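Visitor: Whatever this is, show me its structure:
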Amino acid sequence: MDTARSEGSTADGDLLDLARAVAEESRSYLTVVTEVAAGTSPEATLPLLLLAVSDVLAVGARLGATTDVVPAERFEPDLGPDPDVDPLRTALANVFEGIDEYAEVVDPLVTPEVERSSVSGDLVAIAGALAQGLRHYETGAALEALWWWQFSYLSDWGERGSGVLRAIQTMLAHLRLDVDDDVAAEAEYDALQS
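Guide: Just a heads-up that it's a prediction; the model follows:
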């Protein structure tokens, strides 16, 4: 057996396994974000998003750690118009009304400059990039999908995912840990009396 051919087959197999994993996480993420936007379980919104964003970032880290994926074709095949994500953005903005915006460092290596970002906008940007890759994957173009996911992870959605994950985790922490001063004083008094 030709060693070079065997190693190439293993590398191709590893890339196809990675593409399959990213496709699964993409579908899962899109399902969760759509359900959250529909408002089906408001009490589970933050925990569901915390898990979905964490999971998609974990598979994204695998994309970032993988050597550059180069598809066979030089140009991305035209899959027609991009899906309309505006209704999803609007629905998520309604879910996060009043707490949608958060502060984000533009580039922590270059400048301490801070900009405003939004949970709804970041969640939808991630969804759009994942959906575009899925469109390629579902046409059988796994390497094209993998290239797209890797490129968009490194150039956009990885950073957005990290920022929105922190914002969601912070919201969850505030909900669980912030206590009214009177309630805290009463709990402290009860603890001292027992």
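Visitor: use CA for all of it now, contacts and neighbours both
Guide: Will do.
Visitor: Longest helix in the protein, by number of residues?
Guide: helix 3-38 (DSSP state H).
Visitor: Could you tell me how far that one lies from the centre of the chain?
Guide: The chain centroid and the centroid of helix 3-38 are separated by 14 Å under Cα atoms, centre = their mean, to the nearest Å.
Visitor: buried stuff in it?
Guide: Going by neighbour count (16 or more other Cα atoms under 10 Å), the buried part of helix 3-38 is 15, 18-20, 22-23, 25-26, 29-30, 32-37.
Visitor: quick one: contacts of stretch 35-42?
Guide: The contact list for stretch 35-42 (Cα atoms under 8 Å, 6 or more residues apart in numbering) reads Thr45, Leu49, Leu88, Ala91, Leu92, Val95.
Visitor: Between those residues, identify the one with the most neighbours.
Guide: The most neighbours of any of the contacts of stretch 35-42, using other Cα atoms under 10 Å, belong to Leu92, which has 24 neighbours.
Visitor: Return the residues in contact with that one.
Guide: The contact partners of Leu92, by Cα under 8 Å, 6+ apart, come to Val36, Ala37, Ser120.
Visitor: same thing but at 10 Å, please
Guide: Listed by Cα atoms under 10 Å, 6 or more residues apart in numbering, the contact partners of Leu92 are 33-39, 86, 100, 119-121, 123-124.
Visitor: same thing with Gly121?
Guide: Gly121 makes contact with Asp86, Leu88, Arg89, Thr90, Leu92, Ala93, Asp100, Glu101, Ala127, Arg160, Val164 under the criterion Cα under 10 Å, 6+ apart.
Visitor: Run the angle between the helix or strand containing it and helix 3-38 for me.
Guide: Take DSSP states H and E as the rule and Gly121 turns out to sit in helix 119-138. With axes from the mean of the first three to the mean of the last three Cα atoms, to 10 degrees as the basis, helix 119-138 and helix 3-38 are set at 140 degrees to each other.
Visitor: mind checking how far the helix or strand hosting His174 is from the chain centre?
Guide: Using DSSP H and E, His174 maps to helix 158-177. Counting by Cα atoms, centre = their mean, helix 158-177 is centred 12 Å from the centre of its parent chain.
Visitor: which helices and strands does it pack with?
Guide: Counting contacts by 3 or more Cα pairs under 10 Å, 6 or more residues apart in numbering; DSSP states H and E, helix 158-177 packs against helix 45-65, strand 101-107, strand 111-118, helix 119-138, helix 142-152.
Visitor: Ok, which of the ones you listed comes nearest Ala173?
Guide: helix 45-65 (10.2 Å; Cα to Cα).
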